[in-house]
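**Q** any chance you could fold what I've pasted below:
(4 chains, ligands or ions: 4)
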There are 2 protein chains.
Amino acid sequence: MTNQGEDILKNSALSVTASRKRILDIFLAADNALAHQDIETKCAEQYDRVTIYRTLQTFLEKGIIHNIPSTDNMVRYALCNEACITSGHHHDNHVHFKCDDCGKTVCLDDVNIPAVNLPKGYTMKEINMVVNGICKSCK
Amino acid sequence: MTNQGEDILKNSALSVTASRKRILDIFLAADNALAHQDIETKCAEQYDRVTIYRTLQTFLEKGIIHNIPSTDNMVRYALCNEACITSGHHHDNHVHFKCDDCGKTVCLDDVNIPAVNLPKGYTMKEINMVVNGICKSCK
DNA sequence: TTAAGAATGCAACTTTGTTGCAAAAGTATT
DNA sequence: AATACTTTTGCAACAAAGTTGCATTCTTAA
Ligand SMILES: [Mn+2]
Ligand SMILES: [Mn+2]
Ligand SMILES: [Zn+2]
Ligand SMILES: [Zn+2]
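**A** Ligands and ions are numbered 1, 2, ... in the order given. Now for the predicted structure:
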C-alpha cells in the first residue's frame, strides 16, 4: 500500500513532509485548477499560509505542478503529467479553459496548443493558451 | 490642434478629465503593455492610486484597453485598436509576447491567434495566447 | 541514535486591491 | 456665463495578498 503523493515527492528528490503530502493530495483529488486561496481554504487550520506559498513554489520548480495565467490576479495551479515530473521541466502544451459561469479552470489535456509563427527576431520558450467561455457542466 | 486622448474619451462617451487624459497619454507613448504599477510609478504624485484602478477599469469596459493574462500576478494593459474603441467591445485576437530578459510584454498585432478545437460541450467566448521567450531587442 | 540540513511556523512587514463618502470637476441647460 | 445636475476624484480606513528573517521542528542519511 503505497501513497501516490509520497511517490511524487520521492521521485522529485523532495523530503516527504506532512504539508507537502496534504497539498499534493488536494491536487490529486481536485478536478480543476486551484488558486493559492483554494488551497488555503482547504488546509489553513493545519498549515501556515507561508508554507503553502513555499510549497507551491517548490512544486512549480520541480515540475510537479504548472501555473495557468489569468487576468483576475488569481494564478491557478494544476498537476503536471508524468513527463514533467520525471524530466523535471515542463511539457504542458495543452489548452486551459476557464468557465465564465462556474469560474472553474481546467486543463484540456487532449487539446494541444496549435503552432504559431512569431515575427523575425522572437524566440519562443513557452506558450500559454487560455480560453474563456462556458464549460460542459454549465452549458 | 486636437488631442488624441481627448478624442478617444469623447468617442467612448466618457467625460474628459485630467487623469484620464494623462493615463491615456502614458499608454499612447508606451511601446509595451503596462501594469497598474507601471502607471502608478509614472503619475502617482499627480493622481491617487484609487483613481488609477478605477480608470483602468473604465477603459477596459469601454474597449479602450485590453488586459493580458500573466502568471506573475501583474496583469498588463495595452491600448486596443480602433475596432474595439468604436464598437465598444473587444476584438483583440492577437498574440502577446513576454520577454524573459527585459520583462516587457508586447502586442504582436500582426500575429493572429490560431483556431483551436474544443471538446464537445465547451463554448468559446474569448481566447488568449501568451508566448514567453526572448524578444527581438534582447536576442 | 545522532548530527546536519531542510522545512515549517510565527511575527512583522510591504504591497496590492476595495469601499464609502465628501469635495471637486465636468457637462448640459438656460 | 451662471446654474443645476451628474460624474469623477481624493482621502481614509480597511482587507487581502505576498515577502522575509529567524528560531524551532522535522527529515534524512550516516
Ligand atoms: Mn494544465
Ligand atoms: Mn494586445
Ligand atoms: Zn462551468
Ligand atoms: Zn526583451
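
**Q** around ligand 1, which positions in chain A sit nearby?
**A** Contact residues (CB under 5 Å from the ion) of chain A with ligand 1: A:78, A:107. Every C-beta, even on glycine, is put in place using the N, C-alpha and C of the backbone.

**Q** list the helices and strands the lengthiest helix in chain A packs on?
**A** Assignment by DSSP state H gives helix A:49-62 as the longest helix of chain A. Applying 3 or more CB pairs under 8 Å, 6 or more residues apart in numbering or on different chains; DSSP states H and E, we find helix A:49-62 packed against helix A:18-29, helix A:36-43, strand A:65-68, strand A:76-79.

**Q** do that again at 7 Å, thanks
**A** Judged by 3 or more CB pairs under 7 Å, 6 or more residues apart in numbering or on different chains; DSSP states H and E, the packing partners of helix A:49-62 are helix A:18-29, helix A:36-43.

**Q** and the closest residue to residue A:101 other than its chain neighbours, how many neighbours?
**A** Ranked by CB to CB, 6 or more residues apart in numbering or on different chains and with sequence neighbours excluded, the top spatial neighbour of residue A:101 is residue A:138, at 3.9 Å. By the criterion of other CB atoms under 10 Å in any protein chain shown, residue A:138 has 15 neighbours.

**Q** residue A:138 touches residue A:102, doesn't it?
**A** Yes: between residue A:138 and residue A:102 there is a contact under CB atoms under 7 Å: 5.2 Å.

**Q** thinking again about what came up before, which outside residues touch the longest helix of chain A?
**A** With CB atoms under 7 Å, 6 or more residues apart in numbering or on different chains as the test, helix A:49-62 has contacts from A:12, A:14, A:19, A:20, A:23, A:36, A:39, A:40, A:65, A:67, A:77, A:88.

**Q** ok, the third one touching residue A:42?
**A** No: with contacts counted by CB under 7 Å, residue A:19 stays clear of residue A:42, the gap being 11.9 Å.

**Q** neighbour count: those two, which is higher?
**A** Shown here are residue A:19 and residue A:42; by other CB under 10 Å, residue A:42 has more neighbours (18 against 15).

**Q** extract the CA atoms of the lowest-mean-pLDDT helix or strand in chain A and return them as CSV.
**A** One helix or strand of chain A scores below all others by mean pLDDT, DSSP states H and E: helix A:82-87, with a mean of 74. What follows is helix A:82-87, C-alpha atoms only, in CSV (Å, rounded to 0.1, in the frame of the first residue of the first chain):
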residue,chain,number,x,y,z
GLU,A,82,4.3,12.2,-15.8
ALA,A,83,6.6,13.7,-18.4
CYS,A,84,7.1,16.9,-16.4
ILE,A,85,7.6,15.1,-13.1
THR,A,86,10.2,12.6,-14.5
SER,A,87,12.1,15.1,-16.7
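
**Q** helices or strands up against that helix?
**A** So helix A:82-87, by 3+ CB pairs under 7 Å, 6+ apart, packs with helix A:4-11.

**Q** next, the angle from the helix it packs on to helix A:49-62.
**A** Relative orientation of helix A:4-11 versus helix A:49-62 (axes from the mean of the first three to the mean of the last three CA atoms, to 10 degrees): 60 degrees.
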